[in-house]
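Novice: Below: sequence and its predicted model.
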Amino acid sequence: MNTIFSIAHTTLFWVLLGSISLLILIMLVFIGSLIRLRRKNERIKRKRDALEAIWHPYILEIIAGNRKPEVLWGMITNEDAVHFLDVLLRYYRRFRGRERREIINLAKPLVPQVAAELDNEVPEDRAKVVQLLGVFGLQDHTEQLIQALNDVSLLVAMNAARALARSKQPEFGKHILAALPRFDIFSTNVRAALLSECGEDIIPLLRKAFATSEHPLVRRAAGEALLELADPMAVLMASHFLQSETDADVLIASLEILEAHGRREDTAKIHPLLFWTDESVRIHAAKAMVSLATPADRSILREIFDDPDAWISLHASRGLHEIGAGNVLKSVAESDHPRASFALQYLGGDSD
Amino acid sequence: MSTLSSIPFLRILEIVILSYFLLLNITYLITSIFSFRLLKQYAARLRSVNVEEILTSADAPPVTLLVPAYNEEKNVVDSVRAFLNLSYPEYEIFVINDGSTDETLALLKAKYNLERRHRAAPGDLPTEPVVATYQSKDYDRLWVIDKSNGGKSDALNAGLNFCRTPLYCGMDADTILEKDALIRIVRVFLEDVNTIAVGGILRVANGCDIRHGQINRVGMAKSALAKFQVIEYLRAFLTGRVVWAAFKGMLLISGAFGVFRRESVMEAGGYASHLNMLPTVGEDMELVVRLHRKCYEENRECQVKFIPDPVAWTEVPENIKGLAAQRDRWHRGMFESLFRHRKMLLNKKYGRVGMLAFPYYFIFELMGPLVELAPGFAEAVAPGGSVPPRLGQRLGIPQEASGYVGRGVGSHHRRECRRYRGTSVYGRISGGHRRRHVCESVSRTGGSVGGERRPLLLQTRHSLRGPLRHRRFTRWW
């Protein structure tokens, strides 16, 4: 028995020792490759720093108009094209007006070389190329950027959408709107900002999307973009949707528009939504109601103060304060209402 | 009889310990390789987006900084000054004075011109009574909530009740945030609506030149113990958390710096305190585990993420006593969190968290100290009180190997984050890899390395003691 145990133990021990040796070997290989990679990266960094040091005075002189860009073009190899445009991007962000145009002009001949990198397998590299094309080569590489909206990588697609939106050309709007459902993982703010970035010329398209898109998320983003672009027609649309729509996203976008630009007569349409089943709709309805309320609405504001959601109570308190219903707030603050402290805040009281 | 039975036992123990360390180091190696790839990918991703542009164009959501403070008179004024100077469009700062017995509140009142002002609390988490709320006359965004003492969790819950922003950042009063840390961390919430919590990298501030609550110059800690913790933090954050987050199994976001979606935390019941559920000293880990559990049970897609980019700095203990107390607390917190949610262990219903992260934490993080003490135990039971020499020698092998993984981590950091500039400083970090076990042992591996054995065993003992004493006290500061 002892012999069997001893043999098993010894075998197991050597198996373990072998595994450990193998592990150490793998670790050594890993560390070796890390060191090699680090050296390589440092070499690349040194080279790039040196190149930037050479380019820097030329770039400044070209931007100032003291030198012709041809001087620098001759110095850039194919291999350094992406790096050069990346350096120019930094200058581009710092300057405006004529200087910016000089920078775009300086980048121009190198853009085709960078565009060729769109076939790169690494999504992050493609995203970088799209970012550079969006700034320096939009006009000549529009098709590639539109195609990039369908790139398998969401990062690349979003960079392409941003580049197209920044151009403020309405014809890109339909492509961005078509790609928008892909960006459902992004926050509504990001989607709406993307659309509003396209500029006022996209408003007709946005109205259409707000009214008829089959994706509620697109409708909400379009509605919020219309709000950011301060479209007066959006107010009428939003007012209409409060009665005709039931989707929470559409209702929220509509309520946000009415909160900012609504009219007194819209309060009647907002009223049923104050008692909607969806909590987020109720909160937005309360905010819209508060922004449009007059002293005549004190009873409805007092009523929604008792909503199960604390945020609605808080908005109602603000509304009561803004319409000058201090006596209502005071009676709540002096009562044993569980949210009496909400009223107290707007009465300017101290904490107990 | 005793001699006969102890020899096969020692042999089995020897195999068990060797296997344990082999497995542990394989895990380290795998996480190092993965994290290498992930960090590289992250750096490339960061180069291809303009973070500021995204945030300014997309109305960055407002954030509340929750800063619980208990007897923080030394740091609180400078810390708040630094928090007021963060680069972020819209944020509020709530300093929650948890019944401090020193001059914390008086200093805040004097330095920031605080005025007593009522503020309604929309949240309804049970907490110790709030005595008063104050707002700074000089800085609208600064509020101080003065409440009766109830511990850190209770203070955070009080802050959550007053919080009105969709996101909040939980932190310690002595945490130093880099100016753009919030901008960078909030981006993750904009890019993925399923994100409910994001952790950022926490770095060791010892040795850095700190002025007015901001890092003026990054430097290396002077004491050996702090240096080891520098490596430990790098390993924990740059390999461990990066990889666990990518595997969707991150169980811990440090209480010193993490941003959460307020609504998700409120729905989960806030931090575990003595008033709302069984309290724990590891409220940060317990909350993240509970958030995971809730998401799985409600079949909701939730993401707990980690990004190695935003940096918060914190002071680490420089003496054994302080370190022991900290590790005692950490280990107890981990034990309580894992034990409370033990239902998740190897339970398919909880996906990768139950099948991967929980077993890892149970075996390597929680059981670590037991295995560390095994040689000592063997020594005690061995005939004549001496352990066979082979055992000690063999145990050294895998531990030494893990030291090299530590070196890899140093390289990762050097490559990706470049905070410690200058070869000499880096050399001082990576040169410490051989003695990294000391720092590692503090959290897990332990073992004996030359003359370091005594403090190591001390740390292991404290890590082990934590879970054993978990019922004794449940509030901490």
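Specialist: Looks like it came in fine. Numbering: from 1, shown residues only, chains lettered A, B, ... in the order given.

Novice: When you work out contacts or count neighbours from here on, use the C-alpha atoms and nothing else.
Specialist: Will do.

Novice: Provide the backbone phi and psi angles at A:Ser153.
Specialist: phi -90, psi 130 (degrees, to the nearest 10).

Novice: same check, this time on A:Gly137
Specialist: Torsion angles, degrees, to the nearest 10, at A:Gly137: phi -140, psi 30.

Novice: How about the contacts made by it?
Specialist: A:Lys108, A:Val111 (Cα atoms under 8 Å, 6 or more residues apart in numbering or on different chains).

Novice: what separates it from chain B, distance-wise?
Specialist: To chain B, A:Gly137 is 16 Å away according to Cα to the nearest Cα, to the nearest Å.

Novice: isn't there a strand covering B:Ile96?
Specialist: Yes: the assignment for B:Ile96 (DSSP: H, G, I helix; E, B strand; the rest coil) places it in a strand.

Novice: Who are the contact partners of residue 170?
Specialist: No chain in the question, so chain A it is. A:Cys198, A:Gly199, A:Asp201, A:Ile202.

Novice: nope, chain B please
Specialist: B:Leu65, B:Leu66, B:Val67, B:Leu156, B:Gly255, B:Ala256, B:Phe257, B:Gly258, B:Val259, B:Phe260.

Novice: Reduced to three states, what does the second one come out as?
Specialist: Under the three-state scheme (three-state DSSP), B:Leu66 adopts strand.

Novice: Show me the beta-bridge partners of it.
Specialist: Bridge pairing for B:Leu66 (DSSP bridges) gives the partners B:Phe94, B:Gly170.

Novice: burial measure for it, as a count.
Specialist: 26 (other Cα atoms under 10 Å in any protein chain shown).

Novice: ditto for the last one
Specialist: Neighbour count for B:Phe260, taken as other Cα under 10 Å: 24.

Novice: hang on, isn't it packed against B:Cys169?
Specialist: Yes: between B:Phe260 and B:Cys169 there is a contact at 6.3 Å, judged by Cα atoms under 8 Å.

Novice: distance of the residue nearest to B:Gly282 when sequence neighbours are not counted from chain A?
Specialist: When the adjacent residues along the chain are set aside, B:Gly282 lies closest to B:Gly333, with 3.6 Å between them (Cα to Cα, 6 or more residues apart in numbering or on different chains). Applying Cα to the nearest Cα, the value for B:Gly333 to chain A is 32 Å.

Novice: wait, doesn't B:Gly333 sit right on B:Leu287?
Specialist: No: using Cα under 8 Å, B:Gly333 is not in contact with B:Leu287, being 11.0 Å away.

Novice: Check which helix or strand the residue nearest in space to the middle of chain A maps to.
Specialist: Centroid check for chain A by Cα atoms, centre = their mean gives A:Val190 as the closest residue, at 2.9 Å. Assigned by DSSP states H and E, A:Val190 belongs to helix A:188-196.

Novice: got it, and A:Tyr58?
Specialist: Using DSSP H and E, A:Tyr58 falls within helix A:2-64.

Novice: And that helix, how far out from the chain middle?
Specialist: 36 Å (Cα atoms, centre = their mean, to the nearest Å).

Novice: Can you work out which other helices and strands pack against that helix?
Specialist: In terms of contacts (3 or more Cα pairs under 8 Å, 6 or more residues apart in numbering or on different chains; DSSP states H and E), helix A:2-64 is packed against helix A:70-73, helix A:97-107, helix B:2-47, helix B:389-416.

Novice: Does the longest one reach chain A?
Specialist: Yes: shown here: helix B:2-47 in contact with chain A (Cα under 8 Å from any Cα of the partner chain) through B:11-12, B:15, B:18-19, B:22, B:25-26, B:29, B:33, B:41, B:44-45, B:47.

Novice: when you compare where that helix runs with where helix A:2-64 runs, what's the angle?
Specialist: Interaxial angle of helix B:2-47 relative to helix A:2-64 (axes from the mean of the first three to the mean of the last three Cα atoms, to 10 degrees): 20 degrees.

Novice: Could you pull up the mean pLDDT of helix B:2-47?
Specialist: For helix B:2-47, mean pLDDT rounds to 82.

Novice: still on that earlier bit, got a markdown table for the contacts of A:Pro170, with pLDDT, secondary structure and distance to A:Ile7 too?
Specialist: Output for those, formatted as a markdown table (pLDDT from 0 to 100; DSSP: H, G, I helix; E, B strand; the rest coil; distance: Cα to Cα, whole Å):
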| residue | pLDDT | secondary structure | distance to A:Ile7 |
| --- | --- | --- | --- |
| A:Cys198 | 93 | coil | 76 |
| A:Gly199 | 92 | coil | 80 |
| A:Asp201 | 94 | helix | 83 |
| A:Ile202 | 95 | helix | 80 |
